[in-house]
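1. whatever this is, show me its structure:
(one chain, ligands or ions: 2)
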Amino acid sequence: MSGGEQKPERYYVGVDVGTGSVRAALVDQSGVLLAFADQPIKKWEPQFNHHEQSSEDIWAACCVVTKKVVQGIDLNQIRGLGFDATCSLVVLDKQFRPLPVNHEEDSHRNVIMWLDHRAVSQVNRINETKHSVLQYVGGVMSVEMQAPKLLWLKENLRETCWDKAGHFFDLPDFLSWKATGVTARSLCSLVCKWTYSAERGWDDSFWKMIGLEDFVADNYSKIGNQVLPPGASLGNGLTPEAARDLGLLPGIAVAASLIDAHAGGLGVIGADVKGHGLVCEGQPVTSRLAVICGTSSCHMGISKDPIFVPGVWGPYFSAMVPGFWLNEGGQSVTGKLIDHMVEGHAAFPELQVKATARCQSVYAYLNSHLDLIKKAQPVGFLTVDLHVWPDFHGNRSPLADLTLKGMVTGLKLSQDLDDLAILYLATVQAIALGTRFIIEAMEAAGHSISTLFLCGGLSKNPLFVQMHADITGMPVVLSQEVESVLVGAAILGACASGDFASVQVQREFHSVIAIFRKQWQK
Ligand SMILES: Nc1ncnc2c1ncn2[C@@H]1O[C@H](COP(=O)(O)OP(=O)(O)O)[C@@H](O)[C@H]1O
Ligand SMILES: O=C(CO)[C@H](O)[C@H](O)COP(=O)(O)O
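-> Numbering: from 1, shown residues only. Ligands and ions are numbered 1, 2, ... in the order given. So this is what the prediction gives:
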């Protein structure tokens with residue numbers, strides 16, 4: 001700027017709580033990520049299909065990573081803070097203390113994780129009601145949503161948990177409460193996981209029909225009766241106590257949160273694609289599908305009018321992009337499945353030794369190993385005799401059948417590194433075929449999708465991205481900013497501060513770094 005004072009830079013902090021770790025980023029006004037930190041979080045699996053976490057452990061990790069990313073920055077320049085998180089269920093008593101969600105009465109473990117499948121009997125009974133709210137979750141409620149888990153707590157932990165409970169939070173809303181003391185819930189969590197309607201609010205008849213009339217009787221105070229759009233500013237901002245914990249100044253704006261997949265969707269779906277020759281250039285944003293690939297994969301497609309896709313969650317109004325309906329397809333375990341297949345193979349110790357010797361991750365090593373053994377054929381052809389059915393944790397979309405199991409066909413007696421590499425490739429291909437299956441269901445119902453926008457941990461794996469391009473036949477776009485989920489969280493903070501008028505930021509905020517196109521024809 002000539003002749004005048006340079007305006008001080010404005011910064012935003014985004015905090016992303018994934019399944020395995022918490023990440024934070026310091027982001028500037030143009031969406032550039034200036035600092036990044038991550039920290040693992042604890043998980044417990046006390047019995048098969050029971051997955052638990054600790055809200056105190058998660059908050060402590062949020063504090064560690066936030067302090068790290070703001071080191072050396074003038075705290076007065078930090079204008080806003082946004083959180084996103086997995087859609088896990090946090091249980092607190094009337095004084096906001098953690099309550100146990102387990103038979104062992106370990107109150108440290110007060111979070112039922114999103115992938116927990118303990119409430120099978122409860123979700124089956126909920127689905128048998130055929131209540132009209134089910135139309136808005138793809139026709140069938142998933143065991144991973146909150147209503148069946150709440151019913152499980154009432155039926156199984158009546159005295160130790162249910163009767164003492166004062167607050168049930170989706171994890172993203174727990175974090176914004178912890179930062180501000182405001183118990184308002186985000187429209188995103190309530191619409192996507194709790195059957196709330198942006199247009200009609202709670203449906204009393206649903207909760208009465210499934211045996212959770214308690215919530216109606218107390219006017220939904222335990223699950224949320226104040227609902228705000230993602231990015232809305234909460235109360236008076238950061239409380240002095242939370243500011244001390246996080247290493248920030250009290251009073252900075254804190255936003256109503258988003259679920260992690262939705263923050264990723266927001267972080268990539270508006271990318272500026274000008275000049276890349278992509279078919280979606282100049283087309284409505286509804287021709288784009290954001291795919292957020294971490295422990296799970298989530299397929300976020302938006303539309304101007306509601307589209308009912310059997311087996312695909314939604315349509316949800318304004319749950320990700322304001323004014324648009326959202327359909328959310330999903331595969332419950334994708335990153336977790338790849339890790340499971342690779343780490344469980346007899347040749348894994350050998351792989352670890354070889355990858356370490358080359359200072360590579362096991363996945364970078366496997367990708368180069370596949371390149372070596374493919375000879376003249378495209379790498380995808382290495383699996384003509386080996387196939388994986390990827391529903392090791394049930395099928396979220398589009399079959400919506402949690403009883404499905406995984407399958408591998410074409411196994412041989414040998415268990416060397418070549419076999420491991422090919423099994424890994426077949427798993428990645430199975431996941432990409434699952435994405436194609438979801439896209440086909442969405443298109444059959446009325447979506448018209450031409451381009452995929454990927455983010456999340458698996459988007460750092462070029463083989464995973466290429467297989468999505470080969471198998472769907474669509475170009476796959478990666479954003480300049482690899483940590484796009486964190487960009488989504490930071491956008492929330494910018495919106496809460498008033499610096500951005502809406503979470504729908506200008507396209508220039510996120511630019512494209514790489515495009516993967518289909519490499520071979522059948
Ligand atoms: N550089 C990488 N190459 C290959 N896979 C990766 C890479 N980084 C992360 N992943 C995979 O991504 C998954 C985790 O993604 P992430 O987005 O961190 O998950 P979450 O948000 O669920 O915690 C894991 O399965 C991990 O193996
Ligand atoms: O249900 C979801 C989003 O609606 C996600 O699967 C869940 O939040 C877990 O996310 P991640 O795989 O990033 O840990």
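
2. what's near enough to touch Phe324?
-> With contacts defined as C-beta atoms under 8 Å, 6 or more residues apart in numbering, Phe324 is in contact with Val285, Thr286, Ile302, Ser303, Lys304, Ser318. Glycine gets a C-beta too; all of them are placed from N, C-alpha and C.

3. excluding its backbone neighbours, what's nearest the fourth one?
-> If you skip the residues right next to it in sequence, Ser303 has Trp325 as its closest partner in space, 4.9 Å away by C-beta to C-beta, 6 or more residues apart in numbering.

4. quick check: beta-bridge partners of the one you found?
-> Applying DSSP bridges to Trp325 yields these beta-bridge partners: Ser303, Phe317.

5. hang on, the earlier thing: now the buried members of the contacts of Phe324.
-> In the contacts of Phe324, burial by neighbour count holds for Val285, Thr286, Ile302, Ser303, Ser318, counting by 16 or more other C-beta atoms under 10 Å.

6. the third one touches Trp325, doesn't it?
-> Yes: because the distance of 6.5 Å satisfies C-beta atoms under 8 Å, Ile302 is recorded as touching Trp325.

7. tell me the pLDDT of whichever residue of the stretch 351-500 of the chain sits closest to ligand 2.
-> The stretch 351-500 of the chain approaches ligand 2 most closely through Gly456 (6.2 Å), counting by C-beta to the nearest ligand atom. Confidence at Gly456, expressed as pLDDT, is 95.

8. what does the stretch 101-250 of the chain have sitting close to ligand 1?
-> Selection of the stretch 101-250 of the chain residues close to ligand 1 by C-beta under 6 Å from any ligand atom yields an empty set.

9. just to revisit the earlier point, the contacts of Phe324: which ones sit near ligand 1?
-> Of the residues in these, proximity to ligand 1 by C-beta under 6 Å from any ligand atom holds for none.

10. how about Lys412, secondary structure?
-> Here Lys412 takes the coil state, with states given by DSSP: H, G, I helix; E, B strand; the rest coil.

11. mind listing what it touches?
-> Contacts of Lys412 were listed using C-beta under 8 Å, 6+ apart, and they are Asp419.

12. please apply the same query to the one 10 residues further on.
-> For Ile422, the contacting residues are Leu370, Leu382, Thr383, Leu386, taking C-beta under 8 Å, 6+ apart as the criterion.

13. any chance of those in TSV with distance to ligand 2 and neighbour count as columns?
-> Below are these laid out as TSV (distance: C-beta to the nearest ligand atom, whole Å; neighbours: other C-beta atoms under 10 Å):
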residue	distance to ligand 2	neighbour count
Leu370	25	20
Leu382	27	19
Thr383	25	20
Leu386	26	18
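
14. now render those as JSON lines, adding pLDDT.
-> Below are the contacts of Ile422 laid out as JSON lines (pLDDT from 0 to 100):
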{"residue": "Leu370", "pLDDT": "98"}
{"residue": "Leu382", "pLDDT": "95"}
{"residue": "Thr383", "pLDDT": "96"}
{"residue": "Leu386", "pLDDT": "97"}
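
15. which of these fall within strands?
-> With DSSP state E as the criterion, strands contain none of the contacts of Ile422.

16. how far off centre is the lengthiest helix in the chain?
-> Using DSSP state H to define each element, the chain has its longest helix at helix 417-445. For helix 417-445, the separation from the chain centroid amounts to 19 Å (computed by C-alpha atoms, centre = their mean, to the nearest Å).

17. for ligand 1, what's the nearest residue on the stretch 401-522 of the chain?
-> Closest approach of the stretch 401-522 of the chain to ligand 1 (C-beta to the nearest ligand atom) occurs at Gly457, with a separation of 2.1 Å.
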